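Engineer: this one's structure only:
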């Protein structure tokens, strides 16, 4: 005599959505992390993109902006041979800090934000 197997508990498929306050927190942290390098925005996008529409939009915007700044930094590095690249690198540094802080403040307030001067690589 065999007993029927116990039913397996339902395992949720896919990541669970975040609460609005968690979405704001993570969106803010991804923007602040962009001040230091583009990796926080890349990791944030890959890990959090399916957790809610607000955090997806902000992580995608941060990643697009950081990739744009990375390209501008590479151009500045190459052009530093003739001197103008140093001005480009300084401008990239300042623009990155200013716009990342603005985006972090907007995200913390729960507002949608898109960076100016940003090439759209991911959406």
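Structural biologist: Nice, I can see it. Values in this document were obtained by computation on a predicted structure and should not be read as measured data. Numbers count the residues shown, from 1 in each chain.

Engineer: for the nearest residue to residue 54 once chain neighbours are set aside, report the pLDDT, please.
Structural biologist: The shortest distance from residue 54 to any non-neighbouring residue, by Cβ to Cβ, 6 or more residues apart in numbering, is to residue 23 (4.4 Å). In this view, the C-beta of every residue, glycine as well, is placed from N, C-alpha and C. According to the prediction, residue 23 has pLDDT 91.

Engineer: regarding residue 23, which helix or strand does it belong to?
Structural biologist: helix 20-33 (DSSP states H and E).

Engineer: packing partners of that helix?
Structural biologist: helix 39-48, helix 53-79, helix 84-108 (3 or more Cβ pairs under 8 Å, 6 or more residues apart in numbering; DSSP states H and E).

Engineer: quick one: which of those is nearest residue 31?
Structural biologist: helix 84-108 (3.9 Å; Cβ to Cβ).
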